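J.: need a structure here:
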Amino acid sequence: MQALTVETSPIADIRQLILLLDGRSPLLWMRRNQGLAGIGSALRLEFSGPTRMTDAAAAWKQVVAEATVTDPLARSGTGLLAFGAFAFDESSAQTSVLIVPEIIVGREDGQCWVTRIWATSGNAPENPLVLNPLGDEYRIPLLPGALPPEDFRTAVASGIERIRAQEVNKVVLARDLTGRVPAESDLRRAITKLALGYPDCWTYAVDGLIGSSPETLIRADHGSVNARVLAGTISRGIDAEDDRDAALTLATSSKDGDEHEFAVQSVLKSLRPHTSALATSEIPFTVKLPNLWHLATDLEGTLSDGSTSLDLIAALHPTAAVAGTPTDEALALIRELEPFDRGRYAGPVGWVGADGDGEWAIALRCAQVSPTGGITAYAGCGIVLDSDPDRELAETRMKFRPIVEAFG
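T.: The predicted structure follows:
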């Protein structure tokens, strides 16, 4: 593995991170116009199989140990870091990746910085940090893929029957939409629509995986960890009064409450071995997005075992919010009822720094764009005993909306 040289320095504020990106290979982690933009690739690491995340944690420690880093700012997001995206299932044909860009531009609280990274045996990358205008507009239809609506209803009904038979308590089932992006299309257009439409979500782009996720899987920062668990969904109302009623319906729904509690307990069970203190918000609260309401619980804790953010995503994934419970039985049922490979959908996506700190979301509201232009989007629902196939199908339509509108 090649040794890297890393240099971070402050720069004048750049307000348009997306315009710095490569239109075909964007690397981005952003919320409310703050975050990290990556350009080029100084190092790419690939992983697969059941140990993909622990392998990544070990490989990253080696990269860090061999790097020479100059970082006078020494803040979150400066110095050596990698963008990452991991496959949902250990048997997925989709590789999991850590990508170290050649150039990283960060922006937080009005401060901006640039990090340049290169092989120690080579030369520093040159990049004038030009804001490139977006390419031509395009609109593409996304059509039902391997699991069309009627088959999804059937899969949900089968899941309910398996819950009734007490094989699982909850299972998360997804369906897919597919399409094709025109050759030489500028992916920054879709990213821009997601960032503007969903500013409170994590808008991300890593190795062709593009989306805006409302769910923080884990954030590790100098010994503290926090997460936001989302499970339980309802559509926004058509006016202010209807919207308030929708939020109240969600907050008092026993079906959504049960689904949410499974997800919270899943995260607590995974984090407890790594923390000396762990607290949650007392009761679930509703989070408002442009197209729907979610039930949410925030968790905060103190790390006690020196775990990195990569170690933590290995411990957490998959949560009950994206797989179900019990985990092994839910995963087996997903493989049986979903006729496709989820790829990186519902897997961890985010970044890790040299100290192991980082921010990771669950890859939701997303699509994977292949190097040849194929695109697959995914949306899923938590199925419990009280679920209804028609309602779950309607929920997937709501969850597809960000990606369908971004590309269409």
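
J.: ok, which stretches of the stretch 151-300 of the chain are strands?
T.: 170-180, 202-206, 209-213, 216-221, 224-235, 275-280, 285-288, 292-303 (DSSP state E, counting those that start in this stretch).

J.: counting contacts, what elements does the shortest one pack onto?
T.: Based on contacts counted as 3 or more C-beta pairs under 8 Å, 6 or more residues apart in numbering; DSSP states H and E, the elements that strand 285-288 packs against are helix 240-252, strand 292-303. Where C-beta positions appear, they are placed from N, C-alpha and C, glycine not excepted.

J.: Sort out which residues of the longest one are buried, please.
T.: Right, helix 240-252. Buried residues in helix 240-252, counted by 16 or more other C-beta atoms under 10 Å: 246-247, 250-251.

J.: Over to the last one?
T.: Judged by neighbour count (16+ other C-beta under 10 Å), strand 292-303 contains these buried residues: 292-297, 299, 301, 303.

J.: can you redo the residues you listed as a markdown table with distance to residue 236 and pLDDT?
T.: Shown next, in a markdown table, are those (distance: C-beta to C-beta, whole Å; pLDDT from 0 to 100):
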| residue | distance to residue 236 | pLDDT |
| --- | --- | --- |
| 292 | 6 | 83 |
| 293 | 7 | 89 |
| 294 | 11 | 85 |
| 295 | 14 | 88 |
| 296 | 15 | 90 |
| 297 | 20 | 91 |
| 299 | 26 | 90 |
| 301 | 32 | 90 |
| 303 | 37 | 89 |
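
J.: burial measure for residue 338, as a count.
T.: Counted by other C-beta atoms under 10 Å, the residues lying close to residue 338 total 21.

J.: likewise residue 123?
T.: 8.

J.: How about residue 77?
T.: Counted with other C-beta under 10 Å, residues neighbouring residue 77 total 22.

J.: any idea how far it lies from residue 355?
T.: Going from residue 77 to residue 355 by C-beta to C-beta, to the nearest Å gives 11 Å.

J.: how about the nearest residue to residue 277, chain neighbours excluded?
T.: Spatial nearest neighbour of residue 277, excluding adjacent residues (C-beta to C-beta, 6 or more residues apart in numbering): residue 302 at 4.7 Å.

J.: what's the answer for residue 26, then?
T.: Nearest residue to residue 26 in three dimensions, chain neighbours excluded: residue 205, at 4.1 Å (C-beta to C-beta, 6+ apart).

J.: Give me the pLDDT value at the one you found.
T.: Model confidence at residue 205, given as pLDDT, is 98.

J.: Enumerate every residue touching it.
T.: The neighbours of residue 205, taking C-beta atoms under 8 Å, 6 or more residues apart in numbering as the test, are 21, 26-28, 187, 191.

J.: Could you dump those into a markdown table and include neighbour count, distance to residue 217 and pLDDT?
T.: Output for the contacts of residue 205, formatted as a markdown table (neighbours: other C-beta atoms under 10 Å; distance: C-beta to C-beta, whole Å; pLDDT from 0 to 100):
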| residue | neighbour count | distance to residue 217 | pLDDT |
| --- | --- | --- | --- |
| 21 | 23 | 23 | 97 |
| 26 | 24 | 21 | 97 |
| 27 | 25 | 19 | 98 |
| 28 | 24 | 17 | 98 |
| 187 | 25 | 23 | 97 |
| 191 | 25 | 20 | 98 |
